[in-house]
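A.B. asks: Quick check, what structure comes out for this input:
(2 chains)
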Amino acid sequence: MNEAIIHVITVLGVLFVVLNIAAGLIWVERRLLALWQDRYGPNRVGPFGLLQVAADTVKLFFKEDWIPPFADKAVFVLAPAIVMLTALMSFTMIPVAPGIQISDLNIGLLFVLGMSSLGVYSVVLGGWASDNKYALLGGLRAAAQMLSYEVFMGLSLMGVVLLAGSFRLSAIVDAQRHMWFVVPQFLGFVLFMIAGVAETRRLPFDIPEAESELVAGFHSEYSGMKFGMFFVGEYVGVVLISVLITVLFFGGWLGPGLVPIAWFLIKVFAFIGLFILLRASLPRPRFDQLMSWGWKLMLPLALCNLVVTGAIVMATRR
Amino acid sequence: MQIVFYVAAAMAIFATLMMLTRLNAVHALLYLIVSLLAVSVVFFVIGAPFVAALEVIIYAGAIMVLFIFVVMLLNLGRKAIDQESTWLKPGMWAGPLILAAVLAAEVAFLAAHAAGPEIGGQVIGPRAVGIALYGPYLMGVELASFLLLGALVGAYHLGVRPRQKTVKEKDHGNRSDESGIAPSGDLVRAGADRPAGTS
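C.D. replies: Below is the predicted model of the structure:
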């Protein structure tokens, strides 16, 4: 009984923290971007503009939640739910600290990869259901981009799995007691980072929504809280990728001195900051550049990384 | 665990039936995705978590995205649905129904006569699957890789474009190209609909 209560508290706690960090990131990102672009950013609502997110949320709730008459209604409503659902489901496998983990399946990493591959549907179906040519183009781009980047995203992680000898995420963290996997798997880390940015559709890879060419891409027709779901879902994705990088390559909660959860949060926020800095500094590539880069450069590199890691693991385990 | 199994199995059957009877291609694909996810839950419950994960990643997450991608490219609208409804007459169902009935009878016979394996008995993890694949079933893995390599080469052959000529080559060497006969095998050729040799 006691265990069940602790379990429920963990679930609600993780949900609460993730959603709040994701929403809070909207403010953090706008302030940081402003800092790097030499302006103020939102600083009017509350101290330092901290309540900006609350104001935005209230505004979104009172906006007209419009479904275009030409849209496919059921799919149109379903699409924004998928993005939140799949991203939040992935957090069930994340080992935050010893004992703070909702579920520790022996296929944890595969589960996360599976959820991220299902997340594509939100964008694709949102673009299709809107029945608008810009949205459709955005959806098409999203489908092609996600498919090509998912392939080497999975492959880039297999080196980590080889070294740890398990798909279980807590076991992967435990295997990094002596050395973080970023050292032997630096190439894997770089590849995963790039694939992660592409998975979350963040700026260098925000081809599906490319405001300057496609209005707003796949969510052109969305308004009110449905748009809010896409918006916050993107930040949940950013948190998820930062968390995964921390767990898989930077030793999760491991670290000297501080309590485990503090180390975990410090590392995660460092990567979130890096994500925002990427957005502030990189231009958007053309779509064909993105695709050929993914298939012709990243995929062979990921395969090489896997083969070399496998050979070294084979040679040293004997 | 038994209840989870039966609910997931019932969902898989229901979603597949819905998939077969939908007229809108994307709706049909969505039901197929639900069906695949339900099958994945079934795999998980009967003790094959690795297969369950692969079912989600490969079938629901990759292959179905490609299907939806193609359907989106075709941009089917109201007309396609009308056409589909004229094709899907009740008479069409007779053949598949007979075949399905034979299978259902077989399943019923087996269920009545032989006791199947217990649900949630032995859990087979990723390690055991790997050892089995690269041990006794190594030959199967190798044959599958032959097949995939063949498919890859074939897809490349169909998708490759003839080499783009540089400006210099176009000026001097387009005489031989004027016959307008495409080299065999390139079904997808950029600008193939333009008359040849108009430069």
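A.B. asks: Identify the residues contacting the residue in chain B that chain A sits nearest to.
C.D. replies: Chain B approaches chain A most closely through B:Gly61 (2.8 Å), counting by Cβ to the nearest Cβ. In short, each C-beta sits where N, CA and C put it, glycine included. Counting by Cβ atoms under 8 Å, 6 or more residues apart in numbering or on different chains, B:Gly61 touches A:Gly114, A:Ser117, A:Leu118, A:Val120, A:Glu150.
A.B. asks: Close to chain B: what parts of chain A are there?
C.D. replies: A:72, A:74-75, A:105-107, A:110-111, A:113-115, A:117-118, A:120-121, A:124-125, A:127-128, A:136, A:139-140, A:143-144, A:146-147, A:150, A:154, A:167 (Cβ under 8 Å from any Cβ of the partner chain).
A.B. asks: Sitting in helices, which of the residues you listed do you find?
C.D. replies: Among the residues of chain A next to chain B, the members found in helices (DSSP state H) are A:74-75, A:110-111, A:113-115, A:117-118, A:120-121, A:124-125, A:127-128, A:136, A:139-140, A:143-144, A:146-147, A:150, A:154.
A.B. asks: Show me what residue of chain A gets nearest to chain B.
C.D. replies: Closest point on chain A to chain B, by Cβ to the nearest Cβ, is A:Ser117, at 2.8 Å.
A.B. asks: how near is that residue to A:Ser212?
C.D. replies: A:Ser117 is 28 Å from A:Ser212, where distance means Cβ to Cβ, to the nearest Å.
A.B. asks: Please say which of these two ends up with more neighbours.
C.D. replies: A:Ser117 (24 against 6; other Cβ atoms under 10 Å in any protein chain shown).
A.B. asks: Pull out the buried residues from the one helix or strand A:Gly237 maps to.
C.D. replies: Assigning secondary structure by DSSP states H and E places A:Gly237 in helix A:224-249. Within helix A:224-249, the residues that qualify as buried by neighbour count (16 or more other Cβ atoms under 10 Å in any protein chain shown) are A:224-249.
A.B. asks: any idea where the helices of chain A begin and end?
C.D. replies: Using DSSP H, the helices of chain A run over A:2-36, A:52-62, A:73-90, A:108-118, A:120-129, A:133-164, A:169-174, A:186-199, A:211-214, A:224-249, A:260-281, A:287-293, A:299-317.
A.B. asks: just these: most buried one?
C.D. replies: By mean neighbour count, with neighbours taken as mean count of other Cβ atoms under 10 Å in any protein chain shown, helix A:120-129 ranks first of those at a mean of 28.
A.B. asks: Low-confidence ranges, chain B, go.
C.D. replies: Across chain B, the ranges flagged by pLDDT under 70 are B:76-77, B:115-121, B:164-199.
A.B. asks: What's the local residue count around A:Cys104?
C.D. replies: Careful, residue A:104 is Asp and not Cys. For A:Asp104, the neighbour count with other Cβ under 10 Å is 13.
A.B. asks: show me the contacts for the residue most central in space within chain B.
C.D. replies: The centroid of chain B falls nearest to B:Ile63 when counting by Cα atoms, centre = their mean (5.4 Å). Residues counted as contacts of B:Ile63 (Cβ under 8 Å, 6+ apart): none.
A.B. asks: quick one, phi/psi of B:Leu152?
C.D. replies: Dihedral angles of B:Leu152 (phi, psi; degrees, to the nearest 10) stand at phi -60, psi -50.
A.B. asks: give me the number of residues near it?
C.D. replies: 10.
A.B. asks: Could you measure from it over to B:Phe146?
C.D. replies: B:Leu152 is 11 Å from B:Phe146, by Cβ to Cβ.
A.B. asks: quick one on the thing from earlier: quick check: the residue of chain A closest to chain B vs A:Leu306, distance?
C.D. replies: Counting by Cβ to Cβ - A:Ser117 and A:Leu306 are separated by 19 Å.
A.B. asks: Please apply the same query to B:Ala100.
C.D. replies: Distance from B:Ala100 to A:Leu306, by Cβ to Cβ: 43 Å.
A.B. asks: Look up the closest residue to A:Ile82, ignoring the ones flanking it.
C.D. replies: A:Ser122 (3.9 Å; Cβ to Cβ, 6 or more residues apart in numbering or on different chains).
A.B. asks: which residue sits closest to residue 56 in space, ignoring its chain neighbours?
C.D. replies: Let's take chain A. Closest residue in space to A:Asp56, ignoring its immediate chain neighbours: A:Ile26 at 7.0 Å, by Cβ to Cβ, 6+ apart.
A.B. asks: Correction: the question concerned chain B.
C.D. replies: Spatially, and ignoring its direct neighbours in sequence, B:Val56 is nearest to A:Gly114 (3.7 Å; Cβ to Cβ, 6+ apart).
A.B. asks: thought the one you found was touching B:Ala62?
C.D. replies: No: the pair A:Gly114 / B:Ala62 is not scored as a contact, 10.1 Å apart, by Cβ atoms under 8 Å.
A.B. asks: shaky segments in the stretch 201-318 of chain A?
C.D. replies: Counting by pLDDT under 70, the stretch 201-318 of chain A has low-confidence residues at A:210, A:318.
A.B. asks: still on that earlier bit, wait, what's in contact with the residue of chain A closest to chain B?
C.D. replies: Taking Cβ under 8 Å, 6+ apart as the test, what A:Ser117 contacts is A:Met146, A:Glu150, B:Val56, B:Ile57, B:Ala60, B:Gly61, B:Ala62, B:Val65.
A.B. asks: ok, now A:Ala54?
C.D. replies: Contacts of A:Ala54 (Cβ under 8 Å, 6+ apart): A:Val45, A:Gly46.
A.B. asks: Tell me how far it lies from A:Tyr222.
C.D. replies: 21 Å.
A.B. asks: got it, and B:Val107?
C.D. replies: Applying Cβ to Cβ to B:Val107 and A:Tyr222 gives a distance of 45 Å.
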